[in-house]
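[1] Coordinates only, no sequence provided:
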């Protein structure tokens, strides 16, 4: 090859290498963090991808999950979580009307009498909230908090707005977490101020739809229906013939769902190594002692916004 031809080839290769090294993908409209909208595709393949990426998960563990019918249960759970996250994302991106202005002027009299705006006010937002509830059985409640934490509205109006003992939620971790992170933020298990029932809240900051000079309209709050997830676990009753107990826990170890009808209400699971492994993003199998008996535990995290729920499967050890 002649010297000029060699020079042209060399310069061409240098140019291509420089282009590759300097290439950066376009930034998403909203920054993403680890655990946000991850592993939400439906089906066993996505579950297998998740567990195979764990540092402590072997082929025998995958087989164990399949034998216990847990792969499909985990996929169903993650699909439900994905649907909730999608509602939050669409609300944040302006698909729904929660960011539309103007808002009704919330007066002290309204707060005292209705714990928010009256039932017949801002019907566009109320009707959209009702529609979301009818389409998403995993949702128990849909509402909007103002930037100062005052409840603007909540649906269903009765009991979740009108019966509330509290009307300002600026003290709640999920309210401040959503403000600070500018993205959906999941609470741990709470007691509803209106009914006392346990649930979690996914809080999402809602801004005006202007591209420039966006202002905060408020914080959308989605109440998570624990009974729906308990029913998903309940639908796996076929596991009971194998003496298997399924537990769904929040990130603190508080119980969300349980396949067992015979359990101690104040049971604690956050001292289990399997639970803590799952909190660290791992899926796998361990044998631990529970109530003096050696128990085989399969465990897997379910990514939910910035946090995780934990699925545990208990069965008697055979070894």
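    Now that the structure is in, tell me what you want to look at. On a predicted model such as this, the values are computed, not experimentally measured, just so you know.

[2] Packing partners of the lengthiest helix in the chain?
    Across the chain, the longest stretch assigned as helix under DSSP state H is helix 70-92. Packing partners of helix 70-92 (3 or more Cβ pairs under 8 Å, 6 or more residues apart in numbering; DSSP states H and E): helix 44-52, strand 198-207, strand 216-224, helix 226-234, strand 245-249, strand 293-304, strand 307-316. Using the backbone N, CA and C atoms, a C-beta is placed for each residue, glycine as well.

[3] what does the last one contact?
    If you take Cβ atoms under 8 Å, 6 or more residues apart in numbering as the criterion, strand 307-316 is touched by 35, 68, 70, 73-74, 77, 81, 186, 188, 239, 242-251, 253, 256, 269, 272, 274-275, 278-279, 281, 290, 293-302.

[4] can you pull the contacts of residue 228?
    Contacts for residue 228 (Cβ under 8 Å, 6+ apart) come out as 80, 137, 138.

[5] so how far is residue 228 from the second one?
    Noted for residue 137: a distance of 5 Å to residue 228, by Cβ to Cβ, to the nearest Å.

[6] Which stretches in the stretch 101-250 of the chain count as helices?
    Using DSSP state H, counting those that start in this stretch, the helices of the stretch 101-250 of the chain run over 108-114, 123-135, 173-181, 226-234.

[7] count of residues packed around residue 129?
    Neighbours of residue 129 under the rule other Cβ atoms under 10 Å: 25.

[8] Below-threshold pLDDT in the stretch 101-250 of the chain: ranges please.
    For the stretch 101-250 of the chain, the stretches with pLDDT under 70 are 210-211, 236-242.

[9] buried sites along the longest helix of the chain?
    Neighbour-count burial for helix 70-92 flags 70-71, 73-82, 84-85, 87-89, 91-92 (criterion: 16 or more other Cβ atoms under 10 Å).

[10] quick revisit: list only buried entries from the contacts of strand 307-316.
    Buried residues within the contacts of strand 307-316, defined by neighbour count using 16+ other Cβ under 10 Å: 35, 68, 70, 73-74, 77, 81, 186, 239, 244-251, 253, 256, 269, 272, 274-275, 278-279, 281, 295-302.

[11] thinking again about what came up before, which of the contacts of residue 228 sits closest to residue 154?
    Top of the list for closeness to residue 154, among the contacts of residue 228 and by Cβ to Cβ, is residue 138 at 17.2 Å.

[12] Who are the contact partners of the closest one?
    By Cβ under 8 Å, 6+ apart, residue 138 lies in contact with 80, 81, 83, 84, 224, 225, 228, 229.

[13] got it, and residue 287?
    Listed by Cβ under 8 Å, 6+ apart, the contact partners of residue 287 are 294, 295, 296, 297, 317, 319.

[14] That one in helix, strand or coil?
    Going by DSSP: H, G, I helix; E, B strand; the rest coil, the secondary structure assigned to residue 287 is strand.

[15] Please determine how far it is located from residue 268.
    Following Cβ to Cβ, the distance that separates residue 287 from residue 268 is 19 Å.

[16] circling back to that earlier point, the longest helix of the chain vs helix 123-135, what angle?
    Computed by axes from the mean of the first three to the mean of the last three Cα atoms, to 10 degrees, the angle separating helix 70-92 from helix 123-135 equals 170 degrees.

[17] Would you pull up how far helix 70-92 lies from the middle of the chain?
    Relative to its chain's centre, helix 70-92 lies at 7 Å (Cα atoms, centre = their mean, to the nearest Å).

[18] One more: stretch 137-151?
    Centroid separation for stretch 137-151 versus its chain: 16 Å, with Cα atoms, centre = their mean.

[19] can you give me the end-to-end distance of that stretch?
    With Cα to Cα, to the nearest Å as the measure, stretch 137-151 spans 23 Å from end to end.

[20] ok, now stretch 97-106?
    Length of stretch 97-106, first residue to last, Cα to Cα: 18 Å.

[21] Ok, stretch 132-139 next?
    First-to-last distance for stretch 132-139 - Cα to Cα - comes to 8 Å.

[22] And it, what's buried?
    132, 133, 136, 138, 139.

[23] Residue 202 is in contact with residue 177, correct?
    No. Counting by Cβ atoms under 8 Å, residue 177 sits too far from residue 202 to count as a contact (10.3 Å).

[24] list residues touching both of those two?
    Each of 185, 187 lies in contact with both residue 177 and residue 202 under the rule Cβ under 8 Å, 6+ apart.

[25] Those two: which is more packed in?
    Between residue 177 and residue 202, counting by other Cβ under 10 Å, residue 202 is the more crowded of the two (24 against 20).

[26] Report the beta-bridge partners for the more buried one.
    On the basis of DSSP bridges, residue 202 is bridged to residue 186, residue 222.
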